[in-house]
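Participant: Next come a sequence and a model predicted from it.
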Amino acid sequence: MGKPNNPNEKFAEKHIQNAFRKGNAKQLGLTGYGLTHFPNSILQLTSLEKLFLGGNEFKELPKKISKLKKLRELYLFNNNLKKLPDSFGELNQLRQLHLGENKLQELPDSFRNLKSLTLLKLHGNENLGMPPEILGDEWGRYEEGKYVKPSDIIDYYFRLKAGSRPLNEAKLILLGRGEVGKTSLVNRLVHNKFNPTTMTQGISITQWPIVIGIDNIRLNIWDFGGQEIQHSTHQFFLTERSLYLVVLNGRAGAHDEDAEYWLKFVKTFGGSSPTIVVLNKSEIQPFEVNRRALIEKYPFIHSFVVTDCLPDQNEGISLLRENIKAALNGMDHIRAKFPVDWFRIKERLANLESPFISFGEYRKICNELGEKTLKAQEALARFLNALGIALNYRDDPKLRDESVLNPHWITQGVYKIITSKTLVDKHGELQLSDLNEILDPQNYPKRMHGFILELMRKFELCFLYHDDPAEQRYLVPELLGKEQPELKDQFPPTECLNFRYDYKLMPEGILPRFITRTHTMSDKNERWRTGVVLRWEGCRAIVKADKQDRQVVIRVLGKPEKRRRLMAVIRENFDQIHSEMKEFRPTEWLGLEGHPEEWLDRQELEVFEKQKETQIRKRVGEKVLSVDVTKVGTIR
């Protein structure tokens, strides 16, 4: 073990010897011992299958670690490892390998022999040059429920080792309500021109070549339309590792609320990427926000800049340019290494005239440029998708056969559909054949119509009627009629199980998404833009959103046990939506049975239950009610 210089080394050695005396030890845990040297006595435990050595201070591993040939799981996170011995590749039974948060400079060639791996964690080893798009998140996922293959990580590393160059490309995303001046800002920043503009529809993408230090960077500016109905399409393209501009103006005094709304958007979909808050149109209507409070709440804010796009107002625009460059300079991924042999494919795709190609055509280009293996082609497609360069959904059987090379094309297509007079007049009802009239056949050929609708389904913007799948009829709930159907006293609160969500800020599209998710439980005549009636197991429920009060109210009618099950189904669907928009999570309130207009905070109820209280005392007007806990409108 080396000369003891850590009191924990004696405890570790004792632990190892105990395992040795037991014989055939399968597992050993020495996590967090702060050991500076790998205990060589571990090498005697040749039956080990799991070895936990995280949270120590190893700088190297012994060559003879290959003696532990039965290892299936090895945890070496949070050490000081700079390299691994060549013999490491002989641990070919490994299924899980945790090497995150070390100081690895390189991986040995023998690493390619680890063919049995199902999980590989290399996060926090900056010198390996591995981007998170390849490594996945902290759980090793690149998408919810989908895990990165260790073989893809290893293959990418050795591609970099064979030859790489900096990517030198970045994404700048502008967010804000309609008419706050986002497009005018882009014109001033890129072209130094002020032109009166109309409201952006969908996304406008502008390339801005800039110099940061000694590097020429290609900055892709994504200017999103600000109309509320377009917010639901933002989720297609809001990505981490981008720079965001949240653009505000002083309209109607709503700038504080707008700042919160869009910063929550960045935190939810952009992974707390650096963000510049732009206070625009300051000459027309000066305003301020509580900067310190916002930075405390959203520490990813890089800076605040006051601007105006008028031709004679240059100081704010110059300051914004400098802040953009400073923020980009601090984003290491901009200079991330990219395999040289993949650059040729990336550039060929970028220069194609068509905004989309089939995956077969993509494979043909890869083959022509030397990338002939399907596995590598799929890995590159996934990486280009993560960067927002080319959208591809290889894990979705209905979308996998097409790649979109121009994200602007798909957004414009979706926007044309959801704002078309045909669809508005029909209150959101759409047939596949309607796209022949809505979309320009030259830019949107018939073969791509089904792809666009499937993408809308994937992001819960529409659903296919199940009663006539052959007709391919869809409904876009965002465009349902506003009028609630006649429901005269059908859901008396005193006879219902009552539940309520309260939002500080209600994101656009909550109810349309819920209607999409639960459409098999509702009838076409009982859906409207802000509500729906559900039917299930003989029970009925009404779910209504009130944008002004920032609430969703749920009332369920039926036999006690069955209505509780229906309430559970409703809440499970909302939980899924809220999990994807975690920064907009609401508080939850339960209606008291017998007093449906009196509400109890669900967290408060949980306190009562944990304390095994049987009665809840709640003041209502001048009376104090005593309510049986078991009779509160719970969902258990």
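Facilitator: Thanks, I have it.

Participant: now residue 246: how far from residue 305?
Facilitator: Remark: distance between residue 246 and residue 305 (C-beta to C-beta, to the nearest Å) = 11 Å. Bear in mind the C-beta positions are built from the backbone N, C-alpha and C, glycine included.

Participant: before we move on, what about residue 89?
Facilitator: In terms of C-beta to C-beta, residue 89 sits 52 Å off from residue 305.

Participant: Find residues that contact each of residue 246 and residue 305.
Facilitator: Common neighbours of residue 246 and residue 305, using C-beta atoms under 8 Å, 6 or more residues apart in numbering, are 276-278.

Participant: Which residues are in contact with the closest residue to residue 340 other than its chain neighbours?
Facilitator: Excluding its sequence neighbours, the residue lying closest to residue 340 (C-beta to C-beta, 6 or more residues apart in numbering) is residue 163, at 4.1 Å. Neighbour list for residue 163: 339-341 [criterion: C-beta under 8 Å, 6+ apart].

Participant: closest to residue 390 among those residues?
Facilitator: Using C-beta to C-beta, residue 339 comes nearest to residue 390 of these, at 16.0 Å.

Participant: Quick check: pLDDT value at that closest one.
Facilitator: In this model, residue 339 is scored at 88, pLDDT.

Participant: doesn't residue 156 make contact with it?
Facilitator: Yes - counting by C-beta atoms under 8 Å, residue 156 is a contact partner of residue 339 at 7.3 Å.

Participant: got a winner among the contacts of residue 163 for most neighbours?
Facilitator: Counting neighbours by other C-beta atoms under 10 Å, the top entry in the contacts of residue 163 is residue 339, with 24 neighbours.

Participant: Please enumerate the strands of the stretch 1-150 of the chain.
Facilitator: 27-29, 50-52, 73-75, 96-98, 119-121, 141-143, 146-147 (DSSP state E, counting those that start in this stretch).

Participant: which stretches of the stretch 451-600 of the chain form helices?
Facilitator: Assigned by DSSP state H, counting those that start in this stretch, the helices in the stretch 451-600 of the chain fall at 510-517, 560-580.

Participant: now the ones you listed in a markdown table, with distance to residue 426, mean pLDDT and mean neighbour count?
Facilitator: As requested, the helices of the stretch 451-600 of the chain are exported to a markdown table (distance: least, C-beta to C-beta, whole Å; pLDDT from 0 to 100; neighbours: other C-beta atoms under 10 Å):
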| stretch | distance to residue 426 | mean pLDDT | mean neighbour count |
| --- | --- | --- | --- |
| helix 510-517 | 16 | 91 | 23 |
| helix 560-580 | 26 | 92 | 16 |
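
Participant: nearest to residue 255, of these?
Facilitator: helix 510-517 (23.1 Å).

Participant: Please compute how far that closest one lies from its chain's middle.
Facilitator: 18 Å (C-alpha atoms, centre = their mean, to the nearest Å).

Participant: about what we covered before: so what's the residue nearest to residue 340 scoring on pLDDT?
Facilitator: pLDDT at residue 163 comes out at 90.

Participant: Please apply the same query to the one 5 residues further on.
Facilitator: At residue 168, the pLDDT value in this model is 87.

Participant: Count the residues that sit near it.
Facilitator: Residue 168 has 15 nearby residues by other C-beta under 10 Å.

Participant: again, but for residue 480
Facilitator: Residue 480 has 21 nearby residues by other C-beta under 10 Å.

Participant: My understanding was that it contacts residue 525; is that so?
Facilitator: No - counting by C-beta under 8 Å, residue 480 sits too far from residue 525 to count as a contact (11.2 Å).

Participant: Contact partners for the residue lying closest to residue 514 once chain neighbours are set aside?
Facilitator: Nearest residue to residue 514, sequence neighbours excluded (C-beta to C-beta, 6+ apart): residue 573, at 6.0 Å. The contact partners of residue 573, by C-beta under 8 Å, 6+ apart, come to 514, 517-518.

Participant: go on, residue 570?
Facilitator: Per C-beta under 8 Å, 6+ apart, neighbours of residue 570: 499, 518, 534, 541, 543, 554, 556.

Participant: do you know which of the helices of the stretch 451-600 of the chain lies nearest residue 410?
Facilitator: helix 510-517 (18.7 Å).

Participant: on contacts alone, who are the packing partners of the closest one?
Facilitator: If contacts are counted by 3 or more C-beta pairs under 8 Å, 6 or more residues apart in numbering; DSSP states H and E, helix 510-517 sits against strand 531-536, strand 539-546, helix 560-580.

Participant: how many neighbours does residue 267 have?
Facilitator: 18.

Participant: thinking again about what came up before, any idea how far the residue nearest to residue 514 is from residue 442?
Facilitator: Counting by C-beta to C-beta - residue 573 and residue 442 are separated by 40 Å.

Participant: try residue 301
Facilitator: 43 Å.

Participant: which one of the two has more residues nearby?
Facilitator: When neighbours are counted by other C-beta under 10 Å, residue 301 and residue 442 differ, and residue 301 comes out ahead with 21 against 6.

Participant: helix or strand right after the lowest-mean-pLDDT helix or strand in the chain?
Facilitator: Least confident helix or strand, the chain: helix 231-234 with a mean of 60, by mean pLDDT, DSSP states H and E. Going down the chain from helix 231-234, the next helix or strand is strand 243-248, by DSSP states H and E.

Participant: Which strands and helices lie in contact with that following strand?
Facilitator: Packed next to strand 243-248, using 3+ C-beta pairs under 8 Å, 6+ apart, are strand 169-175, helix 182-191, helix 255-269, strand 275-279, helix 315-329.

Participant: List of residues touching that strand?
Facilitator: Under C-beta under 8 Å, 6+ apart, the answer for strand 243-248 is 170-176, 180-182, 185, 255, 258-259, 262-263, 266, 270, 273-280, 287, 289, 324, 327-328, 331.

Participant: Paired strands for that strand, with orientation please.
Facilitator: Using DSSP bridges, strand 243-248 pairs in its sheet with strand 169-175 (parallel), strand 275-279 (parallel).

Participant: between those strands, which one is nearest to residue 433?
Facilitator: Of all those, strand 169-175 comes closest under C-beta to C-beta, at 35.0 Å.

Participant: Now residue 330: closest residue in space, sequence neighbours ignored.
Facilitator: residue 274 (7.1 Å).

Participant: Any regions of the stretch 1-150 of the chain where pLDDT drops low?
Facilitator: 1-6, 142-145 (pLDDT under 70).

Participant: any idea how far the one residue sitting closest to the centre of the chain is from residue 36?
Facilitator: For the chain, residue 269 is the residue whose C-alpha lies nearest the centre (C-alpha atoms, centre = their mean; 4.7 Å). Residue 269 sits 43 Å away from residue 36, going by C-beta to C-beta.

Participant: Pull up the gap between the nearest residue to residue 578 once chain neighbours are set aside and residue 607, please.
Facilitator: Spatially, and ignoring its direct neighbours in sequence, residue 578 is nearest to residue 585 (5.3 Å; C-beta to C-beta, 6+ apart). Remark: distance between residue 585 and residue 607 (C-beta to C-beta) = 19 Å.

Participant: more neighbours, those two?
Facilitator: A direct count of neighbours by other C-beta under 10 Å for residue 585 and residue 607 places residue 585 higher, at 14 against 10.

Participant: From residue 505, how far out is the more buried one?
Facilitator: With C-beta to C-beta as the criterion, residue 585 and residue 505 are 11 Å apart.

Participant: same question, residue 163
Facilitator: In terms of C-beta to C-beta, residue 163 sits 48 Å off from residue 505.
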